[in-house]
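> below are the sequence and a predicted model; questions follow.
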Amino acid sequence: MRQGSRRAAPLLMLAWLVAASGARADGWEIDLDGRLLSSDANPSYTQGGISGVRFDSDQSGLKLGRARFALTESLGELWSVHLDASAWGDHDRIPAGLTEAFLQFRPYPFGGYRLRVKAGAFYPPISLENRAAGWESPYTLSYSAIDSWLAIEVRTLGVEAQLDWLGTRQGHDFDVGVTGGAFGWNEGAGTFIAGDGFTLTDRQTPYGGRVGLPGDPVLMNFEPFRELDGRAGVYGGLEARWLDRLVVRALRYDNRADPTAIDYTSGAIAWETSFTSLGARYESAGGWTAIAQYLEGDTAIAPDGFVLSWPFEAAYGLIARQWGHHTLSVRYDHFQVDANANAGGSGAETGHAWTAAYVYAPDEHWRFTLEWLHVASNDYQRAEAFNLAPFASETQLELAVRYAFGSAVR
């Protein structure tokens, strides 16, 4: 069987389960998101360049933000299947693709505990910001630097189990959960960090998609979701929830890739990437939300035993206020990528970003968002690979109109 067929097999099996099941679909949804935007940025990775934002100056005007189809279907009382597919209106090799597709087992709570098991393709439980349908943020259009990186090149293709102790059902004020996952097909994770650094975007790489364009001098149209060395990655995390007001989450992730593994046919290299994420989200009774999150890690390759590594870190703080159908949010991001001596500084970056957004959602179908995003960063690759000034100050202004319909829209 060809490698591409092996990569597609788990997702094709999930699609077959949906088609073959005689059960009633719990819900389907179609979202259409159009943008009117103005940007003064350099070309982004989707245009073969390097930028801190999704859209560049040549893309100002009307654009497709996202077209999405999602389906959730029950398979009996304890099992369900979820599929999430999107198109982004850019130059990826596939015009539309799956961002998540998984089978879930969720038995009834027992003895004060609740178990959930997922198998397929999905996001690891890291983000405290992207909690809306389609792994979107209800606060802003553009994700934080942390969640933008996850959207571009980090995904679980494997199995995850979560066990919760339901203290609130036993007279306590808090619940505690533990999560563990094992996965493959994510040995491209780290390529973007070392190549383009951090960016703030809302584009999620679909399974089977590529990052960058052919001829890109840095990213070279790489495929993040690949298996090269046959080694499984793992992650484990803890979560505590207090009265549905405060969530505190920690997770350690390690793809356990062999940094010496190379596919000589395609030139793909396995990136050994690990990181730790810590964060908290607090929601008040008066409509205020505060989120803070920090991520620190390292990615490395070792072709012929010559080790090149890029330590990285990112953090953000977000404050949002919701009243009625309105939400106003402000977020600050800081991010940094270092390079070891062998890399000669190539890939080093430091930067920060401010985001301000206003959301008006008059009903379950319509959502209007106005967002201002400013990113300032100093990136070694701009000068080395693109003949640009290392420092860039980029501003993107977007007005998004989103319409959703389907049986899952309530």
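Perfect, I can see it now.

> now the residue nearest the centre of the chain, what are its backbone angles?
For the chain, the residue nearest the mean C-alpha position is A151 (2.4 Å; C-alpha atoms, centre = their mean). Backbone geometry at A151, expressed as degrees, to the nearest 10, gives phi -60, psi -30.

> residue contacts, it?
130, 135, 143, 201-205 (C-beta atoms under 8 Å, 6 or more residues apart in numbering). The C-beta positions use only the backbone N, C-alpha and C, and glycine is treated the same way.

> over to E187?
Contact analysis of E187 by C-beta under 8 Å, 6+ apart lists 226-229, 255, 257, 261, 270-271.

> and it, that's in a helix?
No. Counting by DSSP: H, G, I helix; E, B strand; the rest coil, E187 is not found in a helix; it is coil.

> can you give me the buried ones in stretch 402-410?
By 16 or more other C-beta atoms under 10 Å, the buried positions in stretch 402-410 come out as 402, 404, 406, 408-409.

> quick one: end-to-end length of that stretch, please.
Distance between the two ends of stretch 402-410: 15 Å, counting by C-alpha to C-alpha, to the nearest Å.

> and if you look at stretch 319-327?
End-to-end distance for stretch 319-327: 10 Å, by C-alpha to C-alpha.

> which is the next helix or strand following the lowest-mean-pLDDT helix or strand in the chain?
Every helix and strand of the chain was ranked by mean pLDDT, DSSP states H and E. The lowest is helix 3-20, at a mean of 44. Using DSSP states H and E, the next helix or strand after helix 3-20 towards the C-terminus is strand 25-39.

> what segments of this protein are helices?
Assigned by DSSP state H, the helices in the chain fall at 3-20, 145-153, 191-195, 380-386.

> please name the residues that touch A314.
Residues in contact with A314 (C-beta under 8 Å, 6+ apart) are 144-146, 149, 198, 294-295, 333-336.

> which one of these is nearest to R241?
Nearest to R241 out of the contacts of A314 is Y294 (C-beta to C-beta; 19.3 Å).

> tell me how many other residues surround the closest one.
Counted with other C-beta atoms under 10 Å, residues neighbouring Y294 total 16.

> quick revisit: the buried residues of stretch 402-410: which two are farthest apart?
Largest pairwise distance in the buried residues of stretch 402-410, by C-beta to C-beta, is 14.8 Å, between R402 and A408.

> distance to G287 and pLDDT added to the buried residues of stretch 402-410, as CSV?
As requested, those are exported to CSV (distance: C-beta to C-beta, whole Å; pLDDT from 0 to 100):
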residue, distance to G287, pLDDT
R402, 21, 98
A404, 23, 97
G406, 28, 94
A408, 25, 88
V409, 23, 90
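
> which ones among the residues you listed lie within strands?
The strands, defined by DSSP state E, take in 402, 404 from these.

> okay, the buried residues of stretch 402-410 in TSV with distance to L78 next?
Formatted as TSV, the buried residues of stretch 402-410 follow (distance: C-beta to C-beta, whole Å):
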residue	distance to L78
R402	33
A404	28
G406	24
A408	20
V409	25
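
> what's the neighbour count on D58?
Residues near D58, counting by other C-beta under 10 Å, number 11.

> for the contacts of A151, which single residue is the most surrounded?
Y143 (30 neighbours).

> residues contacting the nearest residue in space to G188 that is not next to it in sequence?
Among residues not flanking G188 along the chain, P224 sits closest, at 3.6 Å (C-beta to C-beta, 6 or more residues apart in numbering). Residues near P224 by C-beta under 8 Å, 6+ apart: 152-155, 186, 188-189, 191-192, 205, 211.

> widest-spaced pair of those residues?
Pairwise distances across the contacts of P224 peak at 13.6 Å for R155 and T191 (criterion: C-beta to C-beta).

> dump the contacts of P224 into JSON lines; add pLDDT as well.
Compiled in JSON lines, the contacts of P224 are given as follows (pLDDT from 0 to 100):
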{"residue": "I152", "pLDDT": "97"}
{"residue": "E153", "pLDDT": "97"}
{"residue": "V154", "pLDDT": "98"}
{"residue": "R155", "pLDDT": "97"}
{"residue": "N186", "pLDDT": "96"}
{"residue": "G188", "pLDDT": "95"}
{"residue": "A189", "pLDDT": "96"}
{"residue": "T191", "pLDDT": "96"}
{"residue": "F192", "pLDDT": "97"}
{"residue": "T205", "pLDDT": "96"}
{"residue": "V211", "pLDDT": "95"}
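
> out of the residues you listed, which comes closest to A290?
Among the contacts of P224, V154 lies closest to A290 (C-beta to C-beta), at 24.6 Å.

> what's the neighbour count on the residue nearest to the closest one when sequence neighbours are not counted?
Sequence neighbours aside, A189 is the residue nearest to V154 in space, at 5.1 Å (criterion: C-beta to C-beta, 6+ apart). Residues lying near A189 (other C-beta under 10 Å) number 27.

> so A189 sits against R256, correct?
No. Checked against C-beta atoms under 8 Å, the pair A189 and R256 is beyond contact range at 11.5 Å.

> just to revisit the earlier point, quick one, what contacts the residue nearest to V154?
Residues in contact with A189 (C-beta under 8 Å, 6+ apart) are 153-154, 224, 255, 271, 273, 299.

> which residues of the stretch 51-200 of the chain score low on pLDDT?
Counting by pLDDT under 70, the stretch 51-200 of the chain shows no low-confidence range.

> now the strands for the stretch 51-200 of the chain?
For the stretch 51-200 of the chain, applying DSSP state E, counting those that start in this stretch gives strands covering 61-75, 79-87, 97-105, 113-122, 156-165, 174-184.

> want to throw those strands into CSV with distance to A41 and mean neighbour count?
Shown next, in CSV, are these (distance: least, C-beta to C-beta, whole Å; neighbours: other C-beta atoms under 10 Å):
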stretch, distance to A41, mean neighbour count
strand 61-75, 13, 18
strand 79-87, 22, 20
strand 97-105, 24, 21
strand 113-122, 30, 18
strand 156-165, 31, 19
strand 174-184, 33, 18
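
> put together a markdown table for those strands, with distance to A315 on each row.
Shown next, in a markdown table, are those (distance: least, C-beta to C-beta, whole Å):
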| stretch | distance to A315 |
| --- | --- |
| strand 61-75 | 26 |
| strand 79-87 | 28 |
| strand 97-105 | 25 |
| strand 113-122 | 24 |
| strand 156-165 | 23 |
| strand 174-184 | 22 |
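
> any idea which of these gets closest to P43?
Closest of the strands of the stretch 51-200 of the chain to P43 is strand 61-75, at 14.1 Å (criterion: C-beta to C-beta).
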